[in-house]
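In: sequence-free structure coming up:
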């Protein structure tokens, strides 16, 4: 390591059991602070031992609230298995899809183990590689973000614990309400794209609800897959390009439905209007 190029950072960490919270100094690093915040960090909890969590925040200067915490290095002792009953507040249902060198195209339903504004730690059964770009969908809001695999380790039960980092901090991604209004609207549309065998198709469908970010379509789930690009055209109202973000789970009421996200914001074949409050008619003047 070249002298004069390393830095010392201070990371705000919290034990998932809620018994310990402090700023931990980390010296001798060359990676930027953003990279540290996007990956799980190992630290010692006086009560529960070594824990691995995403830092809450970080700084190049020691915060005034700390009491001279001694600089530390990353702990190497194995962490205890995560207890889902202790982390209910951190469990958000998500949908991960993309293209992996090991598994090619894939899509998988899972939940977060922990999350922050920079990303999340999830459990995946699909093998993924460090540095790969994937898509993460919040199933509460149907909003999606491109993410990068920055961490992975074997899960104590099955699969891998995978750290996913946003391209930039996005604290609003984890809200439980949609960014804009979603209106229940049945509109007849024509969908064009390529099916799972690579053959072009044109199929009539209808929207179940619409928004300024996308829509939910019915009757074409068997033709598409997450990540596919499709064209949705509405007669006399234009057309737009969308990416398939999720498929309805087989056996559920959403079976054969797809969620789509626009690739051309502001260029949609429909218009979404927020519900306006009812206003009583004004009386005529005598």
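Out: Alright, I've got the coordinates. Keep in mind that this is a model prediction, so the values were computed, not measured. Residues are numbered from 1 along each chain as shown.

In: Can you list the neighbours in contact with stretch 157-174?
Out: By Cβ atoms under 8 Å, 6 or more residues apart in numbering, the surrounding residues in contact with stretch 157-174 are 37-40, 54, 81-82, 92, 96, 113, 115-128, 134, 136, 138, 143, 145-155, 179. The C-beta positions use only the backbone N, C-alpha and C, and glycine is treated the same way.

In: and the end-to-end length of stretch 216-235?
Out: Using Cα to Cα, to the nearest Å, the end-to-end distance of stretch 216-235 comes to 18 Å.

In: neighbours of the residue nearest to residue 46 when sequence neighbours are not counted, just the number please.
Out: Setting aside the residues directly before and after it, residue 46 is nearest to residue 20 in space (Cβ to Cβ, 6 or more residues apart in numbering), at 6.1 Å. Residue 20 is surrounded by 16 other residues when neighbours are defined as other Cβ atoms under 10 Å.

In: and what of residue 236?
Out: A count of nearby residues for residue 236, using other Cβ under 10 Å, gives 5.

In: Helix, strand or coil: sort out it for me.
Out: Per DSSP: H, G, I helix; E, B strand; the rest coil, the local secondary structure of residue 236 is coil.

In: same thing with residue 172?
Out: Following three-state DSSP, residue 172 is assigned to helix.

In: so how far is residue 164 from it?
Out: Here the criterion is Cβ to Cβ, to the nearest Å. By it, residue 172 lies 17 Å from residue 164.

In: Kindly report the same for residue 31.
Out: With distances taken as Cβ to Cβ, residue 31 is found 17 Å from residue 164.

In: neighbour count winner among these two?
Out: residue 164 (28 against 11).

In: how near is the more buried one to residue 109?
Out: 15 Å.

In: what's the answer for residue 239, then?
Out: Separation of residue 239 from residue 109 (Cβ to Cβ) stands at 30 Å.

In: again, but for residue 201
Out: Relative to residue 109, residue 201 is positioned 26 Å away (criterion: Cβ to Cβ).

In: do the same with residue 44
Out: On the measure of Cβ to Cβ, residue 44 and residue 109 end up 34 Å apart.

In: likewise residue 261?
Out: As it turns out, when the distance is counted by Cβ to Cβ, residue 261 lies 17 Å from residue 109.

In: out of these two, which sits in the more crowded spot?
Out: Neighbour count, other Cβ under 10 Å: between residue 261 and residue 109, residue 261 has more, with 19 against 14.

In: Spit out the contact partners of the more buried one.
Out: Residue 261 touches 142, 144, 213-214, 242-243, 245, counting by Cβ under 8 Å, 6+ apart.

In: Of the residues you listed, which is the nearest to residue 192?
Out: Ranked by distance to residue 192 (Cβ to Cβ), the contacts of residue 261 are led by residue 242 at 10.8 Å.

In: on that earlier part again, please indicate which of the contacts of stretch 157-174 are buried?
Out: Buried by 16 or more other Cβ atoms under 10 Å: 37-40, 54, 82, 92, 96, 113, 115-124, 126, 128, 134, 136, 138, 143, 145, 147-152, 155, out of the contacts of stretch 157-174.

In: returning to what we had before: now the contacts of residue 261 in CSV, with neighbour count and distance to residue 266?
Out: Rendered in CSV, the data for those read as follows (neighbours: other Cβ atoms under 10 Å; distance: Cβ to Cβ, whole Å):
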residue, neighbour count, distance to residue 266
142, 22, 19
144, 22, 18
213, 22, 11
214, 26, 13
242, 25, 14
243, 17, 16
245, 22, 18
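
In: All set now, cheers.
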